[in-house]
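>>> sequence plus predicted model, see below.
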Amino acid sequence: MAVYTDINEVDLKDFLSQYDAGELLSYKGIAEGVENTNFLLHTTKDPLILTLYEKRVDRNDLPFFLGLMEHLASRGLTCPLPLPRKDGELLGELSERPAALISFLEGMWLRKPEARHCREVGAALAAMHLAGADFALKRPNALSLEGWKVLWEKSAARADEVEKGLEAEIREELDFLAAHWPKDLPAGVIHADLFQDNVFFLGDTLSGLIDFYFACNDLLAYDVSICLNAWCFEKTGEYNATKGMALLEGYRSVRPLSDAELAALPILARGSALRFFLTRLYDWLTTPEGALVVKKDPLEYLGKLRFHRAIVSPGEYGIEL
Ligand SMILES: Nc1ncnc2c1ncn2[C@@H]1O[C@H](COP(=O)(O)OP(=O)(O)O)[C@@H](O)[C@H]1O
Ligand SMILES: N[C@@H](CCOP(=O)(O)O)C(=O)O
């Protein structure tokens, strides 16, 4: 459960009075999510999501995230739209946390997506990449090679508690990725966390993307690799090439992938698997028992990393080369 910060109706009404959001009818905490505290608000106007930004979000990044949502929505992408305050600011403060109101998006996220859903996700990711091309603000990816090293140094000493031999394996992996990471591929604004819980569907139709709080500037094909990892493996750990093919076809139907991007997919997928392995490992080792958040399994991503390490040709992802 991710409600890290509590609020009360008196402070909330005061906060809402700074917006043209109607009168508060009710609010409730949202259990899902990992990073921030979210509440669903019902008012005399439209329903809204109230997000309180927690300690892992740098306040200086908030104009990028909120500005990006505004920008993408203005380019026709369905994503939450931040509601400006009466003074025009997108960001306020509640319970001593930076806070924003964003529009409520209808839909649900899929626990058991099929290949046709993966196709839609691929197409939506490519549409986001195109829509973000002229976004003026920049945010380097804090969770790329340098950030991975920093995270790893915080967990390395205890890694073998999770699996014997892990310390040496991950050290070698980091060295390999640092030596071979691609540099000259097309870059732009990426979502960087487009997992199932961040994509809403109404029936079988994709209805919108949420949670832009890891968005940044990085290689576009790296974002594709994040989606391959998040959407195209079965719970048993096997890669599903039919889903992979569908996701990549969906993407390429909107934005073609160059030969160089396709050739780089195995290494990018190793990097993105490592990225989620490292954040999960850190949380696994540091989140106190009883904390109101569901810890995600780092070993799921270790398995994916090992799968990509064994890939000989990107054709194995289900791509028609
Ligand atoms: N704009 C929105 N519309 C509808 N539901 C939302 C919206 N934003 C967040 N949610 C709900 O809140 C949950 C957590 O949001 P998310 O942004 O993923 O949090 P976190 O950044 O903490 O992971 C989502 O799974 C969804 O149920
Ligand atoms: N998607 C990440 C964790 C971040 O969670 P989210 O709720 O912000 O999508 C993972 O699975 O490790």
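Alright, I've got the coordinates. Since the structure is predicted, the reported quantities are computational estimates derived from the model, not experimental observations. Ligands and ions are numbered 1, 2, ... in the order given.
>>> doesn't Ala100 fall inside a helix?
No: counting by DSSP: H, G, I helix; E, B strand; the rest coil, Ala100 falls outside a helix, being strand.
>>> residues near it, how many?
Residues contacting Ala100 under the criterion other Cβ atoms under 10 Å number 25. The way it works is simple: take the backbone N, C-alpha and C, and place the C-beta from them, glycine included.
>>> from here on, call the first residue 42.
Okay, residue one is now 42; in that scheme the one you just asked about reads as Ala141.
>>> look up which residues are beta-bridged to it.
Ala141 forms beta bridges with Thr92, as assigned by DSSP bridges.
>>> try Tyr60
The partner residues for Tyr60, given DSSP bridges, come to Arg126.
>>> ok, now the one 10 residues further on?
Residues in a beta bridge with Gly70, per DSSP bridges, are Phe80.
>>> could you check how far the residue nearest to Thr78 when sequence neighbours are not counted is from Phe253?
Using Cβ to Cβ, 6 or more residues apart in numbering and skipping the chain neighbours, the partner closest in space to Thr78 is Leu93 (4.2 Å). Distance, Leu93 to Phe253, by Cβ to Cβ, to the nearest Å: 16 Å.
>>> so these two - more neighbours on which side?
Phe253 (25 against 22).
>>> can you count the residues close to Glu137?
By the criterion of other Cβ under 10 Å, Glu137 has 8 neighbours.
>>> do the same with Leu53
Neighbour tally, Leu53, other Cβ under 10 Å: 18.
>>> does it touch Leu66 like I think?
No: with contact defined as Cβ atoms under 8 Å, Leu53 does not reach Leu66; the gap is 11.3 Å.
>>> ranges for the helices of this structure?
Here the chain has its helices, by DSSP state H, at 50-57, 103-115, 156-172, 186-196, 200-203, 207-221, 261-272, 282-293, 300-327, 339-350.
>>> still on that earlier bit, on the pLDDT front, check the residue nearest to Thr78 for me.
According to the prediction, Leu93 has pLDDT 96.
>>> likewise for Leu135?
pLDDT for Leu135: 97.
>>> hang on, it packs against Leu93?
Yes: assessed by Cβ under 8 Å, Leu135 is found in contact with Leu93 at 6.1 Å.
>>> who touches both of the two?
Ile48 (Cβ atoms under 8 Å, 6 or more residues apart in numbering).
>>> quick revisit: lowest average confidence across the helices of the chain, which one?
Out of those, helix 200-203 stands lowest, with a mean of 90 (criterion: mean pLDDT).
>>> do you know how far Leu309 is from Tyr45?
Distance of Leu309 to Tyr45, given as Cβ to Cβ: 32 Å.
>>> tell me which of the two has more neighbours.
Leu309 (26 against 18).
>>> so who does the nearest residue in space to the more buried one that is not next to it in sequence touch?
Distance criterion Cβ to Cβ, 6+ apart; nearest residue to Leu309, sequence neighbours excluded, is Ser266 at 3.9 Å. By Cβ under 8 Å, 6+ apart, the residues touching Ser266 are Leu306, Leu309, Ala310, Gly312, Ser313.
>>> let's see it at 10 Å
260, 302, 305-314, 316, 349, 358 (Cβ atoms under 10 Å, 6 or more residues apart in numbering).
>>> for ligand 1, which of the helices of the chain is the nearest?
helix 103-115 (9.1 Å; Cβ to the nearest ligand atom).
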